[in-house]
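Asks: Sequence first, predicted coordinates after that:
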Amino acid sequence: MSIGWTAQIEAWLHSLQQQNHSPHTLAAYRRDLTWLADFQPQSKLARPLFTAALRQLGQQNQHPRSIARRLSAWRQFCCWLVQTGYLKADPTHGLKAPKAPERLPKAVPAEPLNQLLDQAPENPLDSRDLAIFELLYGSGLRLAEACALDLDDLNLQSGWIAVTGKGRKQRHLPLTAQSIRALAGYLKTRTAAPDETALFTGRTGRRLGARQIQKRLQQFAARHDSRHLSPHMLRHSYASHLLQNARDIRAVQELLGHSQLTTTQHYTKLDFDHLARAYDDAHPRAKRRQGKAETVQGQDNEDKIEK
């Protein structure tokens, strides 16, 4: 890495750490900036460096999303350098990454998913897993949010759980009746080390990791002859099924912990037929149009009978 950049990169990452950015995010930023610095070690932070770097990534057939992610990290770093006086102007201004094809979230149909989650646990590990899966689907938690839950975050009596999401933002989510029942069953057999605060623990009594939850969900689905499942698919299904029934995208945005409404809007593209029905049910002009269509159709039928 270029020696001239090291101090600035570390200072920027430290400032992000003070803003409670996750270790995962900081590690990704570090990788993206390290790649840029190693790409042309003697280059200055100027426009030619970034255009050459984008061209190189394109020639390596990097996925457009990966290129966009790297450019975003570089842009944020340069913006900070301008704000702190290291640079006079942002060399990434106006640069664009190749557009990636839109990828819709994957949702599982409600009926088979509910049938899967209705399976009775056979042992304490199954009870723990079922409680986790019910939370992922019943409250729409991110995998990292489920891993980070502490015992004190749970209030079974009131039916709520406190969740710390991206940017250390907290939100309180309601629990479904199935989640409450599954969590109550799990807590009867929960084992934890004396100083462990985690809600979900493994065989050693320590906090359960993300990879362990992913693996257990895959095994659970395979054991019951179900399709491939991931924690993110359960969250996507939660959002999709909520929008299909609640029809309140702002409420779903709050429940999911999305900072931008556009993120939540991706889920509206999963079911165009449902959106059309919601429009017909809710919009007064749509009702009038539907009534008129029925009248015209009825008149046509009468005309056919007369003929």
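Replies: Alright, I've got the coordinates. Worth saying up front: this structure is predicted, and the values here are computed from it rather than measured.
Asks: Three-state assignment for the nearest residue to Leu87 once chain neighbours are set aside, please.
Replies: Of all residues not flanking Leu87 in the chain, Leu81 sits nearest, at 4.3 Å (Cβ to Cβ, 6 or more residues apart in numbering). C-beta: built from backbone N, CA, C; applies to glycine. The three-state label given to Leu81 by DSSP: H, G, I helix; E, B strand; the rest coil is helix.
Asks: and Leu81, what is it in contact with?
Replies: 8, 12, 45, 87 (Cβ atoms under 8 Å, 6 or more residues apart in numbering).
Asks: Can you report phi and psi for the third one?
Replies: So the one you mean is Leu45. Dihedral angles of Leu45 (phi, psi; degrees, to the nearest 10) stand at phi -80, psi 80.
Asks: Tell me how far the residue nearest the centre of the chain lies from Leu16.
Replies: The chain has Arg142 as the residue nearest its centroid, 5.9 Å off, counting by Cα atoms, centre = their mean. The gap separating Arg142 from Leu16 is 19 Å, by Cβ to Cβ, to the nearest Å.
Asks: Gln115 and His258: what is the separation?
Replies: Applying Cβ to Cβ, the value for Gln115 to His258 is 29 Å.
Asks: Neighbour count for these two, which is higher?
Replies: Remark: of Gln115 and His258, His258 carries more neighbours, 19 against 11, as counted by other Cβ atoms under 10 Å.
Asks: pLDDT below threshold where in this protein?
Replies: 1-4, 100-105, 247, 263-264, 266-307 (pLDDT under 70).
Asks: what ranges do the strands span in it?
Replies: For the chain, the strands defined by DSSP state E occupy 154-155, 160-164, 170-174.
Asks: who's in contact with the closest residue to Trp35 other than its chain neighbours?
Replies: In space, and not counting its chain neighbours, Trp35 is closest to Arg70: 7.1 Å by Cβ to Cβ, 6+ apart. Residues near Arg70 by Cβ under 8 Å, 6+ apart: 32, 35-36, 53, 57, 97.
Asks: Contacts for stretch 207-223, please.
Replies: 116, 125, 128-129, 132-133, 143-144, 146-147, 196, 198, 200-202, 227-231, 234.
Asks: now the residue nearest to the centre of the chain: how far from Ala182?
Replies: When distance is defined by Cβ to Cβ, Arg142 is 19 Å away from Ala182.
Asks: Quick check: Leu143 vs Cys79, distance?
Replies: Taken as Cβ to Cβ, the span from Leu143 to Cys79 is 30 Å.
Asks: more neighbours, the two?
Replies: Taking other Cβ under 10 Å, Leu143 and Cys79 do not tie; Leu143 has more neighbours (20 against 15).
Asks: Surely that one touches Pro231?
Replies: Yes: the pair Leu143 / Pro231 is scored as a contact, 4.1 Å apart, by Cβ atoms under 8 Å.
Asks: what do the two both touch?
Replies: 136, 213-214.
Asks: ok, those residues vs His241, which is closest?
Replies: Distance to His241, by Cβ to Cβ, is smallest for Leu136 among these, at 12.9 Å.
Asks: Go ahead and confirm the closest one touches Cys147.
Replies: No: with contacts counted by Cβ under 8 Å, Leu136 stays clear of Cys147, the gap being 10.9 Å.
Asks: how close does the nearest residue to Gly202 once chain neighbours are set aside get to Gln178?
Replies: Among residues not flanking Gly202 along the chain, Leu208 sits closest, at 5.0 Å (Cβ to Cβ, 6+ apart). Noted for Leu208: a distance of 20 Å to Gln178, by Cβ to Cβ.
Asks: same deal with Pro231?
Replies: Taking Cβ to Cβ, one finds Pro231 at 17 Å from Gln178.
Asks: These two: which has the busier surroundings?
Replies: Taking neighbours as other Cβ under 10 Å, Pro231 and Gln178 compare with Pro231 leading, 25 against 17.
Asks: how close does that one sit to Asp38?
Replies: Taking Cβ to Cβ, one finds Pro231 at 34 Å from Asp38.
Asks: And Asp152, by the same measure?
Replies: Asp152 is 44 Å from Asp38, by Cβ to Cβ.
Asks: contacting residues for Phe133?
Replies: 117, 217, 220, 234.
Asks: now those in JSON lines, with neighbour count?
Replies: Below are these laid out as JSON lines (neighbours: other Cβ atoms under 10 Å):
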{"residue": "Leu117", "neighbour count": "19"}
{"residue": "Leu217", "neighbour count": "21"}
{"residue": "Phe220", "neighbour count": "19"}
{"residue": "Leu234", "neighbour count": "25"}
